[in-house]
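Visitor: coords please:
(chains A and B)
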Amino acid sequence: MSEAHDPSRLELTRRRFFRACAGGVSGALGAAALGNLFARDGYGMPGAPGGGPHFRPKAKRVIYMHMEGAPSQLDLFDHKPELAKYYDVDLPDSIRQGQRLTTMTSGQQRFPCAPSIFEFKRYANQQDGVMLSELIPHTAAIADRLCFVHSMHTDAINHEPAITFFQTGTQQPGRPSFGSWISYGLGSANENLPTFVVLITQGLGNMQALSARFWGSGFLPGEHQGCRMRGSGDPVLYLGDPAGVSRPDRRRMLDLVGALNRREAERSLDPEVETRIAQYEMAYRMQASVPELTDLSDEDEATLELYGPDVRKAGSFAANCLMARRLVERGVRFVQLYMRGWDAHNNLPREIRAQCAAVDQPQAALILDLERRGLLEDTLVLWGGEFGRTVYSQGQLSEANYGRDHHPRCFTIWMAGGGVQPGITFGRTDDFSYNIVEDPVDVHDLHATLLHLLGFDHERLVYRFQGRGMRLTDVFGRVRHELLA
Amino acid sequence: MDYSEDVWLDFIGRLHPILVHAPLGLLVALVAFELWGMLRKSAAPNQGQRRFLAFVLFASAFAAAFAGWRLEEENGYTWEGFWNHKYVALTFLGLCGCAWIAALAAWRSAYGWALFLALCVGGAAGHLGGALTHGDDYLFEPFHPREASQPAGTPATSDPAPAKDVTSEVVAPPAPPPTWYAARIAPIFAAYCVGCHGPDKQKGDLALHTGALVLAGTEHGRVVEPGDAENSLLFELVSLPLDEDDHMPPPKKPQPSAAEVAELGRWIAAGASLDAPLPAGDVAPVREVEAPPSAGDAPTNDAPPAPAEQAQAAPALDPALLAPLLAEQVHAECLDPAADLWWLDYRPRAATDDAYVERTLAPLAPHVVELSLARTQVAGACLALVATLPHLERLDLAQTRCGAALDALRDHPVLRSLNLAGVALDAGAVDVLASLPALERVYLWNTGLGEQDLALLKERRPALRVDSGEVHTAAQDG
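Guide: The predicted structure follows:
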């Protein structure tokens, strides 16, 4: 955590000041009044909130599959049959309207349209069907459970700020992650596991950096930070006891360290000390809970088969999907799955084939598995990248190959479960999937809507920091009731 | 920066606690001097020294009194303890004056008596002043048995209790059932507001020392809108963030606790009646700093309308009942603060069995709207109790051995969703499921029910969504 974002630094000066005063002339009065003041402010008090939702929620937990690098909406979801006529024709100026480009294509002489080479078919949903790509047959087969939003758009055009925006509601780094807000607002539903868990799958295409601050807790108390679990080796680093240290030894050590820390917490009033105590205790409990969590021997053969052959490969998307189900089943509030490798600037067809092969069956299996276990009803599933990809080719365009650049002006995400309207598509783009022509949805709207499903008024899920109330949606956001069941 | 007009005068007022020590110390010295002089004539002070010291005594007593007066002006104390202190202290000032006059006039014995009386009265004034800051009981507290300092019925707030806990004072004798207003609301006004909005001062033209005046508001309109806390100026001002200019009471004054503010909100939302009895149960958990949740906190534009049946959920759930559950890792979460409806999730406590559920669930029965027992050791005995939960809408029994006891749930009136995934069932289950009038969704994956059973269920309840876990997928049409 950078110094600028360390709440204890701001807090301490103020507290020290008052404590010094309280020791002086009007000791008794001062102390009573101040105690009161802090309790009211609740600033940075670990565990103060977490009192549950504002109103009756539809969803109690979230699985957010982030497709890092940004998959192409044109080759998966946003069917544009008219585009075939524009093969290798420059994108009309009337469509591009001088919009900004990344530096990767701004030097290009031409912007030739690249229709998707993949075949689309109509799949039944709760409306008159949805056209989906041959790349995702398993996902397409459950289209009647999914809600496709074709009209997402974002403000950022590069990966870092765009992911930061989706994860934290702001492009600048430093705000709490979505999962941290949920952890803060809902609290834990199982004291033996973290509230917010992150699982990462390495991609098969072009990859971008993935920083741990995407799941940081920003100015929220540190216990709300995402806990990364690894696919191979120790699932959680540094959890095991060193050889020769028994569990009772560990307990005694924690008790002693805890007593010292509590004394420090009383002296310094630093909420981060409380966080540290809580994290030591959490780690101790996880020593018992994690082995049970990661032991797949209680999964039957048919279930493993549902997720596909990769499920036995540690760290694969299939394994992580199965783990996501096991986590939410045990009360984890927010599971963030990252699938890397969607940044197909060149050789898109080859890369996207491999990526889809890795995610298609497992993600559909996750939905089905949650559904039959009765979990989908109150688990919100979200799938999407940080932006879309351009209709024009980056680099050489041929009949069989093309690349696509970043495109923030429209892209597709899908959702399922947890009070989302199943089997619909929402929003429309123009014939080039370049501009939105109907029902634009921005990132703040999405956040406000998801919070609404979780029982929060996004304007009231607030944390005071730097002198003002901070929200996931900042000063924006509108609940999109069209997307709700 | 925003200062009160009389910063310096206010500052002098705050010197009161220091200044009071000067006359008292001087007085002790003077009395000692005279006593010593009675024993050894040579040690007695001379006339000039007496005059001078008696003048200093009077002057310092006057300074202390002046500072005290400023402190009163600033804070507008009204309670009785304060008046006692004030009048005894003024008597002390008078006696110091007498001593000075006696010294000027060289009336030896009058001077001695004045000093002696001043010493007694000054001690009393000092004690009464101490009682203001430390509590009435301060002097003799060490002699009382311990518990006496925390009267029963004090709402447990997370705030360090201020020296004078007004709520508890009034709650103590519950003999005639007190009204909500008298027991909980008036004490809040008395403690934090009446100094400025009372019989002596009516800042902003508002007085709050009687119920009628609270409801009357000011000449500009009401400050309390019965039934609508959010649109009540009074509630709005007390729930503003502390750094907001309009926040009441003004920032540097003693502030009501979050629980007290929430209590005000609840009282207003419930109709701001002066005669209503105390609501059963007590303090709801106080969560949000920005906007303390209260029944009156009508959700804003995006929230669904509060359920109409809100009233029937009384009495409120006592948080103390949850503590043992939470300690054992059972998860409890208030899903609907307005109706006080809770989700109980026993899943994290894998060792949960029927006896444990029966023991812990019974006291919470009226408040349970969702119940998860999945993957615990329950074998069905607890379903008899579960069946009596009046608000139970969702029940998760997945992967338990409750199948044989399912009959207990027959005819449950409001159960909407029932999860039986992985529970061994026999054909009789179909009849039980069909009997549930409100049932919308049932999960029957891995239950052993055959095609025929499922078909029968479909036939009897065509609108019921049955999830049998067979992986049916969306048909594709070219």
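
Visitor: just the pLDDT at residue A:109, thanks.
Guide: On pLDDT, residue A:109 comes in at 87.

Visitor: what of the one 3 residues further on?
Guide: Here the pLDDT value assigned to residue A:112 is 95.

Visitor: what residues are up against it?
Guide: With contacts defined as C-beta atoms under 8 Å, 6 or more residues apart in numbering or on different chains, the neighbours of residue A:112 are A:88, A:89, A:90, A:91, A:392, A:393, A:397. To be clear about C-beta, it is placed using only N, CA and C from the backbone, and glycine gets the same treatment.

Visitor: do you know how far the third one is from residue A:411?
Guide: Just to be clear, that refers to residue A:90. Residue A:90 is 22 Å from residue A:411, where distance means C-beta to C-beta, to the nearest Å.

Visitor: quick one on the thing from earlier: of the contacts of residue A:112, just the buried ones, PyMOL syntax please.
Guide: Buried residues among the contacts of residue A:112 (16 or more other C-beta atoms under 10 Å in any protein chain shown), as a PyMOL selection:
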select buried, chain A and resi 91+392+393+397
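
Visitor: can you sort out which of the contacts of residue A:112 also neighbour chain B?
Guide: Among the contacts of residue A:112, no residue sits close to chain B (C-beta under 8 Å from any C-beta of the partner chain).

Visitor: what about the contacts of residue A:112, which are in strands?
Guide: Among those, the residues falling in strands (DSSP state E) are A:392, A:393.

Visitor: looking at the contacts of residue A:112, which are in helices?
Guide: If you go by DSSP state H, those have nothing in helices.

Visitor: any stretches of the stretch 101-250 of chain B with poor pLDDT?
Guide: Per-residue confidence for the stretch 101-250 of chain B (pLDDT under 70) gives these ranges: B:135-137, B:144-177.

Visitor: residue A:369 reaches residue A:306, doesn't it?
Guide: Yes: taking contacts as C-beta atoms under 8 Å, residue A:369 lies within contact range of residue A:306: 6.3 Å.

Visitor: which residue, neighbours along the chain excluded, lies closest to residue A:303?
Guide: Distance criterion C-beta to C-beta, 6 or more residues apart in numbering or on different chains; nearest residue to residue A:303, sequence neighbours excluded, is residue A:369 at 6.6 Å.

Visitor: hang on, the earlier thing: will you turn the contacts of residue A:112 into a markdown table that also has pLDDT?
Guide: As requested, the contacts of residue A:112 are exported to a markdown table (pLDDT from 0 to 100):
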| residue | pLDDT |
| --- | --- |
| A:88 | 94 |
| A:89 | 95 |
| A:90 | 93 |
| A:91 | 93 |
| A:392 | 95 |
| A:393 | 95 |
| A:397 | 94 |
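
Visitor: please identify which of the contacts of residue A:112 is nearest to residue B:139.
Guide: Set against residue B:139, the nearest of the contacts of residue A:112 by C-beta to C-beta is residue A:392 (86.7 Å).

Visitor: neighbours of residue 221, how many?
Guide: This is for chain A. Residue A:221: 25 surrounding residues under other C-beta atoms under 10 Å in any protein chain shown.

Visitor: switch to chain B, that's the one I care about
Guide: 8.

Visitor: phi, psi of it?
Guide: phi 140, psi -180 (degrees, to the nearest 10).

Visitor: residues contacting it?
Guide: Contacts of residue B:221 by C-beta under 8 Å, 6+ apart are residue B:233.

Visitor: likewise the one 3 residues further on?
Guide: Each residue near residue B:224 by C-beta under 8 Å, 6+ apart is listed here: B:214, B:215, B:217, B:232, B:233, B:234, B:235, B:268, B:272.

Visitor: got the phi/psi numbers for the residue nearest the centre of chain B?
Guide: Chain B has residue B:259 as the residue nearest its centroid, 3.0 Å off, counting by C-alpha atoms, centre = their mean. Torsion angles at residue B:259 (phi, psi; degrees, to the nearest 10) stand at phi -70, psi -40.

Visitor: do you know how far it is from residue B:319?
Guide: 12 Å.

Visitor: who touches the closest residue to residue A:154 other than its chain neighbours in this structure?
Guide: Distance criterion C-beta to C-beta, 6+ apart; nearest residue to residue A:154, sequence neighbours excluded, is residue A:408 at 4.6 Å. By C-beta under 8 Å, 6+ apart, the contact set of residue A:408 is A:153, A:154, A:155, A:156, A:157, A:162, A:387, A:388.

Visitor: which of the residues you listed has the most neighbours?
Guide: With neighbours taken as other C-beta under 10 Å, the top of the contacts of residue A:408 is residue A:388, carrying 30 neighbours.

Visitor: give me the neighbour count for the residue nearest to it when sequence neighbours are not counted.
Guide: Once flanking residues are discounted, residue A:388 sits nearest to residue A:411: 2.7 Å by C-beta to C-beta, 6+ apart. Residue A:411 has 30 neighbours, counted by other C-beta under 10 Å.

Visitor: may I have the beta-bridge partners of residue A:411?
Guide: residue A:152 (DSSP bridges).

Visitor: can you pull out the residues in contact with the helix or strand harbouring residue A:263?
Guide: Using DSSP states H and E, residue A:263 sits within helix A:247-268. Residues from elsewhere that reach helix A:247-268, judged by C-beta under 8 Å, 6+ apart: A:12, A:241, A:270, A:273, A:274, A:276, A:277, A:280, A:281, A:284, A:287.

Visitor: against residue A:249, how distant is the closest residue to the last one other than its chain neighbours?
Guide: Nearest residue to residue A:287 in three dimensions, chain neighbours excluded: residue A:239, at 6.0 Å (C-beta to C-beta, 6+ apart). Residue A:239 is 16 Å from residue A:249, where distance means C-beta to C-beta.

Visitor: ok, those two, which is more surrounded?
Guide: The neighbour count for residue A:239 versus residue A:249, taken as other C-beta under 10 Å, is higher for residue A:239 (14 against 11).

Visitor: does that one count as helix, strand or coil?
Guide: The assignment at residue A:239 comes out as coil when based on DSSP: H, G, I helix; E, B strand; the rest coil.

Visitor: that one against residue A:288, yeah?
Guide: No: in this structure, residue A:239 is not within contact of residue A:288 by C-beta under 8 Å, at 10.4 Å.

Visitor: looks to me like residue A:425 is in a strand.
Guide: Yes: according to three-state DSSP, residue A:425 belongs to a strand.

Visitor: so where's the stretch 301-450 of chain A shaky on pLDDT?
Guide: In the stretch 301-450 of chain A, no residues with pLDDT under 70.

Visitor: around chain B, which positions in it sit nearby?
Guide: Checking the stretch 301-450 of chain A against chain B by C-beta under 8 Å from any C-beta, the hits are A:306, A:329, A:330, A:331, A:368, A:371, A:372, A:373, A:374, A:377, A:448.

Visitor: who wins on neighbours among those residues?
Guide: Going by other C-beta under 10 Å, residue A:374 tops these with 28 neighbours.

Visitor: OK, contacts around that residue?
Guide: By C-beta under 8 Å, 6+ apart, the residues touching residue A:374 are B:396, B:398, B:417, B:419, B:421, B:443, B:467.

Visitor: tell me the SS of it?
Guide: Going by three-state DSSP: residue A:374 is coil.
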